[in-house]
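J.: I would like the atomic coordinates for the input below:
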Amino acid sequence: VDCKDVGNGDKAIIYLGRYLYRGVIREQDILQCENGMVTFRYLHAKTGQYRSRTVTGEYFLYLLMLHVLPKGFRRARCYGFLHPCSKKLICFLQMVLRVNPLNMFAKKLKERPTITCPVCGAAMKIVLTKIAKPPAKQVHLPYMSEHGEIVM
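T.: Predicted structure coming up:
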């Protein structure tokens, strides 16, 4: 094998960030790459805030390679009923399994804390949270009612 030193790897790290596996890290999240050290930012899972981290180039590549699937494996979200274009299949599975998605989410909704007026201290009423755009096209999917009947 003829291996030659071609630089410090800055361009390779930028290339990996841009092309290797989308979703691992974006190019704009690699903040700095100098003297063998890579500084990148990431979204902290618990706080939801961006944090920056500086690691060696080797360790940065190790972190990237943790997201590379072994040969022959595929990301599950791209196939089967998890594929973005399989809404009809999901609806069919809900009917077969007798699952009403409306009931599933109704149990998990939490009450909003009351918002008080900063001037008088009275409870404020939420009138509108988001101005909705008019729907482009309404699609009515069949679902399973509470009585086990299919509703179109």
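
J.: now the strands: where do they sit in this structure?
T.: Per DSSP state E, the chain carries strands over the ranges 30-34, 37-43, 50-56, 115-116, 123-124, 143-144, 150-151.

J.: just the ones you listed: most buried one?
T.: Most buried of the strands of the chain, by mean neighbour count (mean count of other Cβ atoms under 10 Å): strand 143-144, with a mean of 18. (C-beta placed from N, C-alpha, C; glycine too.)

J.: Might you list the low-confidence residue ranges for this protein?
T.: For the chain, the stretches with pLDDT under 70 are 1-10, 12-23, 73-79, 81-82, 104-110, 135-144, 148, 152.

J.: Please repeat the previous calculation with a cut-off of 90.
T.: Applying pLDDT under 90 to the chain flags the ranges 1-28, 33, 36, 42-46, 48, 57-58, 60-115, 117-118, 124-152.

J.: Relative to residue 88, which of the strands of the chain is closest?
T.: Residue 88 lies closest, by Cβ to Cβ, to one member of the strands of the chain: strand 143-144, at 12.4 Å.
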